[in-house]
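> what follows is a predicted protein model with its sequence.
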Amino acid sequence: MTSQFANIKWQQQLNSIKQPYSLDFNDVYFNSEDGLAETRYVFIERNDLINRFERLKEPVFTVLETGFGSGLNFYCIADCWLKFAPKSATLRYFSIEKLPLTLADMQRSSELWPQFSAIANEFLAHYKSLQFPRGIFSMAESRIVIDLQLADINDVLPSLQITNKNWPESCVDAFLLDGFAPAKNPDMWSDNNLMHLARLASANATFATFTSASMVRKNLEKAGFVVNKHAGFGKKREMLAGYFHGHQKA
Ligand SMILES: C[S@@+](CC[C@H](N)C(=O)[O-])C[C@H]1O[C@@H](n2cnc3c(N)ncnc32)[C@H](O)[C@@H]1O
């Protein structure tokens with residue numbers, strides 16, 4: 001790997017467990033009191049993923065995450081996929097990450113979630129050999145394909161193509177918008193980036209994000225998403241989730 005890695009401080013939290021903190025963005029990777037519960041509440045429940053996995057009729061379900069970080073969202077969603085989705089279907093998990101964690105930090109983060117150790121160990125075996133700017137790995141006996149792009153989202157999104165046979169360009173089923181607080185990292189949430197997400201959205205695409213920042217809401221609406229406010233997780237008052245209202249016919 002030749003590019004840059006994340007600068008992490010391992011910070012003591014209330015529960016006395018050390019968790020990763022980004023020195024690049026001065027922000028936490030996940031809720032410091034219960035990161036896993038936050039992932040479940042924000043990204044899994046607001047995208048209705050368990051129900052959608054259980055009822056899936058298509059051979060593929062596609063997730064696009066902005067900000068791979070410590071991999072917590074990936075482990076949690078992969079775990080749900082293996083428990084609830086039909087065995088014959090494939091989860092395609094796309095994620096974009098500008099400053100990946102070093103292998104050591106990724107390993108240490110995964111130890112926070114022993115319930116996901118099987119999927120995390122398989123992932124880490126691939127992560128060891130991951131090269132900038134992209135790695136695509138098949139996991140869990142081909143039930144999951146992860147496609148990690150290690151570059152700035154502003155450089156990746158304009159040329160990103162996610163295709164399937166039914167819909168040549170747009171087939172993301174669920175977006176996980178997880179790019180640090182917009183006040184600290186406005187670039188990640190630009191209207192241009194959110195327009196590109198709309199370009200990649202399937203007709204039934206949903207999104208969820210921990211933030212309720214008005215700039216994010218406005219940019220999502222401008223891009224064609226219907227945006228609803230929900231109660232936030234923990235101390236956060238509100239969060240946003242919703243769905244894509246469809247591609248305009250030319
Ligand atoms: C809150 S963390 C993501 C947490 C992660 N989803 C998890 O499960 O641990 C936000 C991530 O966005 C990444 N990021 C910030 N700005 C970015 C950019 N312009 N392009 C790509 N990734 C970016 C950060 O490096 C960080 O890993």
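Great, that's in hand. Numbers count the residues shown, from 1 in each chain.
> from here on, just use CA atoms for contacts and neighbour counts.
Fine.
> so where's this protein uncertain?
Within the chain, the stretches with pLDDT under 70 are 1-3, 14-15, 164-170, 247-250.
> hmm, the biggest helix by length in it touching the ligand?
Looking across the chain with DSSP state H, the single longest helix is helix 72-84. Yes - judged by CA under 6 Å from any ligand atom, helix 72-84 comes into contact with the ligand through Leu72, Asn73.
> show me what that helix is packed against.
helix 35-39, helix 49-54, strand 90-96, helix 117-127 (3 or more CA pairs under 8 Å, 6 or more residues apart in numbering; DSSP states H and E).
> which residues are contacting it?
36, 39-40, 43-44, 50, 53-54, 68, 91, 93, 110, 116, 119-120, 143-144 (CA atoms under 8 Å, 6 or more residues apart in numbering).
> now that helix: buried residues?
Buried residues in helix 72-84, counted by 16 or more other CA atoms under 10 Å: Leu72, Asn73, Phe74, Tyr75, Cys76, Ile77, Ala78, Asp79, Cys80, Trp81, Leu82, Phe84.
> circling back to that earlier point, near the ligand too, which of the contacts of helix 72-84?
When CA under 6 Å from any ligand atom is applied, the members of the contacts of helix 72-84 adjacent to the ligand are Phe68.
> now the buried members of the contacts of helix 72-84.
36, 39-40, 43-44, 50, 53, 68, 91, 93, 110, 116, 119-120, 143-144.
> relative orientation of the longest helix of the chain and helix 117-127 in degrees?
120 degrees (axes from the mean of the first three to the mean of the last three CA atoms, to 10 degrees).
> at contact distance from the ligand, anything in the longest strand belonging to the chain?
Using DSSP state E, we find that the single longest strand of the chain is strand 201-209. No - with CA under 6 Å from any ligand atom as the criterion, the ligand is not reached by strand 201-209; the gap is at least 10.3 Å.
> swap in stretch 184-194?
Yes - between stretch 184-194 and the ligand, judged by CA under 6 Å from any ligand atom, the touching residues are Asp187, Met188.
> now do the buried residues in that stretch.
Buried residues in stretch 184-194 (16+ other CA under 10 Å): Met188, Trp189, Ser190, Asp191, Asn192, Asn193, Leu194.
> so how far is the first residue of it from its last?
End-to-end distance for stretch 184-194, by CA to CA, to the nearest Å: 17 Å.
> now do that stretch: distance to the chain's middle.
With CA atoms, centre = their mean, to the nearest Å as the basis, stretch 184-194 stands 15 Å off its chain's centre.
> need the residues that contact that stretch.
Contacts of stretch 184-194 (CA under 8 Å, 6+ apart): 25-26, 153-154, 157-158, 179, 182, 216, 219-220, 222-223.
> turn these into JSON lines, including distance to the ligand, secondary structure and neighbour count.
Output for those, formatted as JSON lines (distance: CA to the nearest ligand atom, whole Å; DSSP: H, G, I helix; E, B strand; the rest coil; neighbours: other CA atoms under 10 Å):
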{"residue": "Phe25", "distance to the ligand": "8", "secondary structure": "coil", "neighbour count": "15"}
{"residue": "Asn26", "distance to the ligand": "11", "secondary structure": "coil", "neighbour count": "14"}
{"residue": "Ile153", "distance to the ligand": "4", "secondary structure": "helix", "neighbour count": "21"}
{"residue": "Asn154", "distance to the ligand": "6", "secondary structure": "helix", "neighbour count": "17"}
{"residue": "Leu157", "distance to the ligand": "10", "secondary structure": "helix", "neighbour count": "19"}
{"residue": "Pro158", "distance to the ligand": "12", "secondary structure": "helix", "neighbour count": "14"}
{"residue": "Gly179", "distance to the ligand": "4", "secondary structure": "coil", "neighbour count": "24"}
{"residue": "Pro182", "distance to the ligand": "10", "secondary structure": "coil", "neighbour count": "18"}
{"residue": "Val216", "distance to the ligand": "15", "secondary structure": "helix", "neighbour count": "21"}
{"residue": "Asn219", "distance to the ligand": "16", "secondary structure": "helix", "neighbour count": "18"}
{"residue": "Leu220", "distance to the ligand": "17", "secondary structure": "helix", "neighbour count": "26"}
{"residue": "Lys222", "distance to the ligand": "20", "secondary structure": "helix", "neighbour count": "14"}
{"residue": "Ala223", "distance to the ligand": "19", "secondary structure": "helix", "neighbour count": "20"}
